[in-house]
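*Asks:* Show me the folded form of this:
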Amino acid sequence: MNKGITIFILLLLIVTVSIISFKNSESTIPSEFPKRRNISKTNFFIGKFKPNEMVKVKSEISGIIDTLYVKTGDTVSIGDKIAKLKIVPRAENLERARYTLKIAATNLKQKQSNYERNNILYKKGVIAKADLETIKLALDLAKIEFKNTQNNFNIAKYGYTNHINESPNIIKATINGEILNILVKKGMNVTEHNTFNDGSTIATIVNTSNFIFEFEVTETEFPNIKIHDTFEVSVKAINNKIIKARIKELKPLIKDDERFYYLIIAEVLNPTKQLKPGFSGLAEFILQEKNNVLSIKEKDIIYKNRKTFVETIENENKIKEIEIKVGLSDGIYTEVLSNLNITDRIKSQ
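*Replies:* Predicted coordinates for the structure are as follows:
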């Protein structure tokens, strides 16, 4: 009988332990409660930085690069010297200008002598004042003609005239900025820039204090993007530095795939000297945002037949599946619009 009692006690213990284990397993069902959170839908776009102000430095005269005063990466201000040209005159133009100058000089000498002679006669009362004034006018015109031909001779020989303040053979910066590149070397020929010829580019200058950031979005993303919206751009080339930008222009685009896109142009708000034209950036753009909304983890939602459900844990650990309506999601948390309270216990999936 003692043996029977012992067996009974052992069986009772086994059953008791099993019941307790089962109860504990029920009470430890992984679960969570809804919480109020701020949820935002963020998209990432790859774009490029471009200078808002960039000029190609050209020459108004042709010649040969004699001196370069700057190198790539140098900072320049308006009026700083970029390069000096050595003019190689064309023989036929120089000879024609020299001949015209000799004629003008001879004419001026003759008009000067005529005036001096008639001025003496005027003082003696031999000729009238009106006659002297006519001779004086001819002398003045001869002086103007000589000056013009002298200027033309200097242009033919040197490429510029001494009668202007700025020598065109000295090429200067027209904006403040940084030398992006130098496209010529000493001894290279440079073609003049004029109405009929674009001319040779000597250097490119960019204003590094004024950048824009450009990226493209699809027509489905466009409605959530507006002018004056601000966002952040991560620049990998400068250790993922964060640059802030503000949208200033939206341009429609039609690409080869015939889909409709928009080009987003944003002004950079905090440029840095490390930023260079052509750098790519990853723009983090908040398309939608809601604050203090009831939400649950995205992974706890069950999707069936185009509907959304969660499993709630009720009294005695009974599990019940209920349909809910959801709103904005950031990929981790999802807004719950109906059929769920903050006190409901949600089974973790």
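*Asks:* Show me where this structure dips below the pLDDT cut-off.
*Replies:* Applying pLDDT under 70 to the chain picks out residues 1-13, 15-27, 159-167, 257.
*Asks:* Straight-line length of stretch 232-243, end to end?
*Replies:* One end of stretch 232-243 to the other measures 6 Å (C-alpha to C-alpha, to the nearest Å).
*Asks:* List the beta-bridge partners for residue 338.
*Replies:* Residue 338 has these beta-bridge partners by DSSP bridges: residue 325.
*Asks:* For it, give its distance to residue 300.
*Replies:* Using C-beta to C-beta, to the nearest Å, residue 338 is found at 16 Å from residue 300. Glycine gets a C-beta too; all of them are placed from N, C-alpha and C.
*Asks:* now swap in residue 155 and tell me
*Replies:* Applying C-beta to C-beta, the value for residue 155 to residue 300 is 84 Å.
*Asks:* if we can go back for a sec, in terms of neighbours, single out the busier of residue 338 and residue 300.
*Replies:* Between residue 338 and residue 300, counting by other C-beta atoms under 10 Å, residue 300 is the more crowded of the two (19 against 10).
*Asks:* dump the residue contacts of that one.
*Replies:* The contact partners of residue 300, by C-beta atoms under 8 Å, 6 or more residues apart in numbering, come to 32, 310, 346, 347, 348, 349.
*Asks:* list the contacts for the last one?
*Replies:* Contacts for residue 349 were tallied using C-beta under 8 Å, 6+ apart; they are 299, 300, 301, 302, 311.
*Asks:* Pull out the buried positions in whichever strand or helix holds residue 148.
*Replies:* Assigning secondary structure by DSSP states H and E places residue 148 in helix 129-158. Neighbour-count burial for helix 129-158, counted by 16 or more other C-beta atoms under 10 Å, picks out 132, 135, 139, 142, 145-146, 149-156, 158.
*Asks:* Same question for stretch 268-279.
*Replies:* 268, 271, 275, 276, 279.
*Asks:* Touching, the last one and residue 234? I think so.
*Replies:* No: here residue 279 lies out of contact with residue 234, judged by C-beta atoms under 8 Å, at a distance of 11.1 Å.
*Asks:* Give me the packing partners of the helix holding residue 148, helices and strands only.
*Replies:* Applying 3 or more C-beta pairs under 8 Å, 6 or more residues apart in numbering; DSSP states H and E, one finds that helix 129-158 contacts helix 91-123.
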